[in-house]
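K.L.:
Would you be able to build a 3D model of this:
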Amino acid sequence: MSRKLHQRARHRYFPALLAQTGYFVEDEGVADNVSATTRSAIMAAVRSSGNRSTEMRMLGLLKKVGARGWRRNYPLYGRPDFVFPRLRTVIFVDGCFWHGCDEHHRAPASNSDYWMAKITRNRARDHRVTQQLRMRGWTVIRVWEHDLQKQYHAALSRRLIRLLKKNSCKAKEDFFPA
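P.N.:
A predicted model of the protein is given here:
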């Protein structure tokens, strides 16, 4: 579905949700214009399309190092950001906030119990996905969002080249131009 059609469909759907429970609800001192169940339904209807800016920076870096053969939106457990099917290598680009980076993650002051539980679940899922993919014979590369900043490009480029070349030797294929 195109972005424009998706936006139209979403705008037709949300007013129906709002009409189900009324317009203004106040719960435990927190004002919201919808009930908790309606807010939950609205949030569940929002689908992630990935963090485009982070993924685009990673895409640029892969092109810069000359890597070839990756796929995006590949149907694989854990929904990796980049998949090299013939190399059996996947790359996840983890956001510092959502995945609890030790260097940059700051828990929000409001609703901190919820957010800490959410981040803990995300980290547990990341670990589970990594273990499952490794058990299935995949090499998993996890890159933090902050590693895509320009000052870290050289180190990240070396790491990517080393891991991808190692796997291309196993696959007996050349994924880097001469």
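K.L.:
Check the gap between the nearest residue to residue 152 once chain neighbours are set aside and residue 63 for me.
P.N.:
Nearest non-adjacent residue to residue 152, counting by C-beta to C-beta, 6 or more residues apart in numbering: residue 146, 7.2 Å away. (Glycine included, C-beta is placed from N, CA and C.) Residue 146 sits 20 Å away from residue 63, taking C-beta to C-beta, to the nearest Å as the criterion.
K.L.:
out of these two, which sits in the busier spot?
P.N.:
Remark: of residue 146 and residue 63, residue 146 carries more neighbours, 15 against 11, as counted by other C-beta atoms under 10 Å.
K.L.:
and that one, what does it touch?
P.N.:
96, 101, 103-104, 152 (C-beta atoms under 8 Å, 6 or more residues apart in numbering).
K.L.:
Can you list the low-confidence ranges for the chain?
P.N.:
1-32, 46-52, 169-178 (pLDDT under 70).
K.L.:
how about the strands in this protein?
P.N.:
25-27, 30-32, 82-84, 89-94, 139-144 (DSSP state E).
K.L.:
Pipe these into CSV and attach mean neighbour count and distance to residue 45 per row.
P.N.:
Putting those into CSV (neighbours: other C-beta atoms under 10 Å; distance: least, C-beta to C-beta, whole Å) gives the following:
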stretch, mean neighbour count, distance to residue 45
strand 25-27, 12, 18
strand 30-32, 10, 16
strand 82-84, 23, 27
strand 89-94, 23, 25
strand 139-144, 19, 29
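K.L.:
For these, give me JSON lines that also has distance to residue 75.
P.N.:
JSON lines is the format used below for the strands of the chain (distance: least, C-beta to C-beta, whole Å):
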{"stretch": "strand 25-27", "distance to residue 75": "39"}
{"stretch": "strand 30-32", "distance to residue 75": "37"}
{"stretch": "strand 82-84", "distance to residue 75": "9"}
{"stretch": "strand 89-94", "distance to residue 75": "12"}
{"stretch": "strand 139-144", "distance to residue 75": "17"}
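K.L.:
That'll do, ta.
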